[in-house]
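> sequence plus the predicted model coming up.
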Amino acid sequence: MLNRLVVAAALAAIASSPAAADIKIGFVTTLTTPAAVIGRDMRDAVELALEHIGGRMGPETVEVIYGDDEFNAQKGKQATERLILRDDVDLVAGYIWSNVLLASAPVVLSAGKILISANAGPAPLAGRRCHENFFNISWQNDQTPMALGELLNQEGIRSLYIVAPNYVAGQNMVAGVERVFTGEVVGKDMTVWPSQRDWSAELSKIKAAGPEGVFMFYPGPAGPAFVKQYQQAGLIETIPLFSVYTFDSISLPLFQEAGIEAVLGGKMTQFWAPDMQNEQNRKFVTAFQTKYGRYPSFYAAQSYDSMFFIKSAVEAVGGNVQDVDGMRAALRKAEFPSVRGKFRMGSNHFPVQNFYERTVVVDADGNWTTSAGPVVLEDHQDPYAGQCEMGG
Amino acid sequence: MKSQLTPAHAVSALLIALCAAVPYLASALDEPFYVIVFARIMIWAIAAISLNLIMGFGGMISFGHAVYLGIGGYAVGILAFHDITSAWIQLPAAIGLCALVALVFGVICLRTRGIYFIMITLALAQMVFFLSVSAERYGSDDGLNILWRSDFGSGIVDLEDGAVMYYTIFAVLMGCLFLQWRMVVSRFGMVLRASQSNETRVQAVGIPTYRYRLAAFVIAGVMCGLAGFLQANLERFVSPDMMNWHRSGELILMTVLGGTATLFGPLVGAVVFLLLSEMLSTITIHWHLLFGPFLILVVLFARGGVMGLLGSRTTRD
Amino acid sequence: MDYVLLIEQLLNGFQLGIILFLMAAGLTLVFGIMDLVNLAHGSLFMIGAFVGGTLTLVTDSLVLGAVLMVPAMFAIGVLVETIALRTLYRRSHLDQVLATFGLILFFNEATRLIWGPEGLAVPLPDFLEGTVALGAGITYPLYRVVIIVIGLLVALGLYLLVARTRFGMLVRAGASNREMAGALGVNIPVLFSLVFGIGAVLAGLAGLIITPITQAAIGMGEDVLILAFVVIVIGGIGSVRGAFVAALLTGIIDTMGRSFLDVVLLLFLPPNAAESAGPALSSMLIYILMAGILFFRPQGLFPPRGATAAP
């Protein structure tokens, strides 16, 4: 009898030992298609974070398995299924795109595992469809443009023209600005995404409308293309261009190479900038620059954060990642060194945090980068948190 | 249809046996992931069979066939969004809508032939695609999550049960294969094939080929809509991407890869196409570098697709 | 309505049409003469952008880059034709679709390996920056004017080549009756290689010319390819004249739709409905155009004389 028990216990130990000694994190991002530039930045940041934590979270060794969403919701969902069902990961993080996240979230959550978005923050997951095991480490989609709307008010812009892609994140960005902006929106174009890369018609309309400011949102390489055309149309000197997410370390080298000096001094809003003064951020930015020879983007910053976020939870449960309740409780506290400084997790598991003015500047070495300015929105919580009734 | 037993037959039989056995094999090997992979493959096979009906046997190359996947899927998604989960409403809605759309599209398309037919089917499908993209209420680009699968209101066909879902797809696939075979060997199929090679002559005998071709077009639309219905249920998710022209292109590729105008070509094509992309993509993210030349080699050296390679002659001969 | 805006939008549509024409001209010739459905024509657009862009960066001159790109693209075109496509002429359209789709995958991935996922940005030289005044209060980006001029010159050159030279005669003969041209002793393989090479140069030129505006990206040719197919089908396959008219028509209608459709819809619909229907309808517009034209003219606007219905 005793023998049997011992054998059974030994077998159980053997069977469970790979999982206990080895935490597997799935990380879904875009590794192919032109959007892979973003995925590369995120992956580089995750690898850097693993290096900085010595490949360990608490007593456990960590492995990150990457999934490629191919910039497509179905493929992203399949990549997630692969991670959950075949690679048997313990939790899943990543996700650039709102639609990929929305399609993939049920796969992770129905498996009872924790899901951490390192970028996408669609409204449903912040509101009606919030979930106790879902966390966002970046921002809700509406927040950054709301901050921008506030910035526009502060800058005294009274008439605004809006250009954005006709997909959900684009619609969210526009809704966010319109929610806060008190002036008049004199024109709005929602363009075909992602195929439209030439905005001649929209630029002519902007010129004819003659607004005091233009708000545009185009993620990835489409943003620089828009700005170039904005300049070629002779608008950049006459009508200030405001944006969110467009001027970043992915696009600024391209602007610098193309010599579009007009973007210098351009203003936007964000929760983070490479020059934010805290120890974690200095370590991150310096190491990223040393290792990869470029500034990290905000995508990279969030991905770097996500690993430390997970680490804080794994350490809280002593490495027993099967303890989802314990992990969740720790994640809610958000007690980890974030590159953005201190913030707290809201009731819907989205950050409540500051949003700063951010300006395009030239650094000491002559490279173009962005610099954090004054706080535009303080301790800001997204507008959907009230709709969230947590309970699984 | 009476031909000798070729390797193609053996492979087809083996594939069907494999599809039937996947849930058991997967649980025996502790690889639950492959159940979903094969369920997905079978749904694409159903869609490819429906395309093969008009493209392989009728010479009507539709470059917008995935539109019916989308319509069938959205019938489930939109009704479920309004809390109507009964399959007895969703299924007739999917079928009826696909039949109606296929009828209207068919009337417009069948005036043209060749590349013009290809492009007009694309154009019509694109219109529905952009309609779905702009349907903000139904998630536009983000698509719709489906919380509950279609409810047949019986304990036997409970799609929430993974195994039942799988074998429902399997049963529909078998049904479509059977239907395809019955159609092809019937008078209907003969007229269809004859009108592909020489329409004038068939018309001269007094057969109204237009009506036959239109009927085939509608049947194919409905069959593909059924695949859409199943896909929405399997994935619990619909999005405009289901009817993106890339998907229509992939359907053509699968069918051609397997072997057009053969009974099992679409199934074989779907298996090879999806399994190979699944396997290659896990080896390297640069897998297209291998997959592209593979497709070219199939065309150059295997006339009539994989089935041709295996010695199956098209039923046209 | 403001006439300045209207004229500017016409110019925008014209410029889009020019790009589409450069793509469609090669596509329609290859299709009309060789009966080859070449999906990889979009890849040639992309390769032109990357190769031409690299040549521009190396020589530090867009003009020099464009000039050097011409022989490079011609060579690439002839190479692709000889190695991969020549054996496909006698195959069905479906086989051609499968094989040329394979080529697309290969070219996209090869481009990613060589140039990286971020694509390529080509700066506009200083003398092409800025806007020009066209009179009557209309100012227009100089570079877009240059695109229009180059496109018109190419169209003129192509017209003279096809209508006035012996080579053009053979091309026209090939487009309306391939077998007959072969029977009359035309060296078909050489003719095909030349036509394909010219098509590759035109597609590459379109790709390079648009790159200072949009940047070069992997897969950039695929959406343009679909539009180019729309154009050649509207214009009538094998007809360069048809491609020209259809390209301008498509470019202008697409641009006009994006510019004014929401305003027009506001006349009929409440603002909310107009705002959501506008983008959808304007994206559909060219497909509605094509479906409408094909409904009334199943072989497009300018079917080449003597051509039989496509098989």
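Perfect, thanks for sending it.
> show me the contact partners of stretch C:161-179.
With contact meaning Cβ atoms under 8 Å, 6 or more residues apart in numbering or on different chains, stretch C:161-179 is reached by C:29, C:32-35, C:160, C:180-181, C:184, C:186, C:188, C:191, C:194-195, C:238-240, C:304-307. Yep, even glycine has a C-beta here, placed from its N, CA and C like the rest.
> now do the contacts for residue 284.
Looking at chain A here, since you left the chain open. Residues near A:Phe284 by Cβ under 8 Å, 6+ apart: A:Ala45, A:Leu48, A:Pro296, A:Ala301, A:Tyr304, A:Val339.
> try again with chain B
Applying Cβ under 8 Å, 6+ apart, we find B:Thr284 in contact with B:Leu290.
> so where do the strands sit in chain C?
Ranges of strands in chain C, per DSSP state E, are C:131-133, C:139-141.
> could you single out the most deeply buried of these?
strand C:139-141 (a mean of 22; mean count of other Cβ atoms under 10 Å in any protein chain shown).
> about what we covered before: got JSON lines for the contacts of A:Phe284, with secondary structure, neighbour count and pLDDT too?
Converted to JSON lines, the contacts of A:Phe284 look like this (DSSP: H, G, I helix; E, B strand; the rest coil; neighbours: other Cβ atoms under 10 Å in any protein chain shown; pLDDT from 0 to 100):
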{"residue": "A:Ala45", "secondary structure": "helix", "neighbour count": "26", "pLDDT": "97"}
{"residue": "A:Leu48", "secondary structure": "helix", "neighbour count": "22", "pLDDT": "97"}
{"residue": "A:Pro296", "secondary structure": "coil", "neighbour count": "28", "pLDDT": "96"}
{"residue": "A:Ala301", "secondary structure": "helix", "neighbour count": "31", "pLDDT": "97"}
{"residue": "A:Tyr304", "secondary structure": "helix", "neighbour count": "30", "pLDDT": "97"}
{"residue": "A:Val339", "secondary structure": "coil", "neighbour count": "26", "pLDDT": "97"}
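> quick check, nearest of those to chain C?
Taking Cβ to the nearest Cβ as the measure, chain C sits nearest to A:Pro296 out of these, at 15.1 Å.
> so the residue nearest to that closest one when sequence neighbours are not counted is in which element?
Of all residues not flanking A:Pro296 in the chain, A:Phe288 sits nearest, at 4.3 Å (Cβ to Cβ, 6 or more residues apart in numbering or on different chains). Per DSSP states H and E: A:Phe288 is located in helix A:279-292.
> what mean pLDDT does that helix have?
For helix A:279-292, the mean pLDDT works out to 96.
> could the strands of chain C go into TSV alongside distance to A:Gln154 and mean pLDDT?
Output for those, formatted as TSV (distance: least, Cβ to Cβ, whole Å; pLDDT from 0 to 100):
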stretch	distance to A:Gln154	mean pLDDT
strand C:131-133	31	87
strand C:139-141	32	88
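> closest one to chain B among the ones you listed?
strand C:139-141 (28.4 Å).
> and the helices in chain B?
Along chain B, counting by DSSP state H, helices occupy B:7-29, B:33-55, B:66-81, B:87-109, B:114-133, B:162-185, B:187-197, B:199-204, B:209-235, B:245-258, B:265-283, B:288-301, B:305-309.
> what angle do the fourth one and helix B:209-235 make?
Taking axes from the mean of the first three to the mean of the last three Cα atoms, to 10 degrees, one finds helix B:87-109 and helix B:209-235 inclined to each other by 140 degrees.
> quick one, helix B:87-109 and helix B:66-81 angle?
150 degrees.
> just the CA atoms of helix B:87-109, as CSV, please.
Output of helix B:87-109 as CSV, limited to C-alpha atoms (Å, rounded to 0.1, in the frame of the first residue of the first chain):
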residue,chain,number,x,y,z
ALA,B,87,-30.3,26.4,-35.2
TRP,B,88,-33.8,26.0,-36.6
ILE,B,89,-33.8,29.7,-37.3
GLN,B,90,-30.0,30.2,-38.0
LEU,B,91,-29.6,27.3,-40.4
PRO,B,92,-32.6,28.2,-42.7
ALA,B,93,-31.5,31.8,-42.6
ALA,B,94,-28.0,30.9,-43.7
ILE,B,95,-29.2,28.6,-46.5
GLY,B,96,-32.0,31.0,-47.6
LEU,B,97,-29.8,34.0,-47.7
CYS,B,98,-27.0,32.2,-49.6
ALA,B,99,-29.5,30.8,-52.1
LEU,B,100,-31.0,34.3,-52.7
VAL,B,101,-27.6,36.0,-53.0
ALA,B,102,-26.3,33.3,-55.3
LEU,B,103,-29.4,33.6,-57.4
VAL,B,104,-29.0,37.3,-57.9
PHE,B,105,-25.3,37.1,-58.4
GLY,B,106,-25.7,34.2,-60.8
VAL,B,107,-28.2,36.1,-63.0
ILE,B,108,-25.6,38.9,-63.2
CYS,B,109,-22.5,36.8,-63.6
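> residue numbers of the stretch 1-150 of chain A in contact with chain C?
Within the stretch 1-150 of chain A, the positions near chain C by Cβ under 8 Å from any Cβ of the partner chain are A:Thr32, A:Thr33, A:Pro34, A:Ala36, A:Val37, A:Gly39, A:Arg40.
> mind listing what the second one touches?
So the one you mean is A:Thr33. A:Glu70, A:Phe71, C:Pro117, C:Ile218, C:Gly219.
> which one (most neighbours) among these?
The most crowded member of the contacts of A:Thr33, judged by other Cβ atoms under 10 Å in any protein chain shown, is C:Ile218 (25 neighbours).
> distance check, it against B:Phe229.
Distance from C:Ile218 to B:Phe229, counting by Cβ to Cβ, to the nearest Å: 35 Å.
> same question, A:Ser338
Distance of A:Ser338 to B:Phe229, given as Cβ to Cβ: 46 Å.
> what does the pLDDT read for the most centrally placed residue in chain B?
Closest to where the C-alpha atoms of chain B average out (Cα atoms, centre = their mean) is B:Ala47, at 0.7 Å. B:Ala47 carries a pLDDT value of 98.
> who's in contact with the closest residue in space to it that isn't next to it in sequence?
Nearest residue to B:Ala47, sequence neighbours excluded (Cβ to Cβ, 6+ apart): B:Ala227, at 4.1 Å. Counting by Cβ under 8 Å, 6+ apart, B:Ala227 makes contact with B:Ile43, B:Trp44, B:Ile46, B:Ala47, B:Ser50, B:Tyr68, B:Leu69, B:Gly72.
> and for A:Leu264?
Neighbour list for A:Leu264: A:Val360, A:Val361, A:Val362, A:Trp368 [criterion: Cβ under 8 Å, 6+ apart].
> if we use 10 Å, what do you get?
A:Leu264 is in contact with A:Phe247, A:Leu252, A:Phe255, A:Gln256, A:Thr359, A:Val360, A:Val361, A:Val362, A:Trp368, counting by Cβ atoms under 10 Å, 6 or more residues apart in numbering or on different chains.
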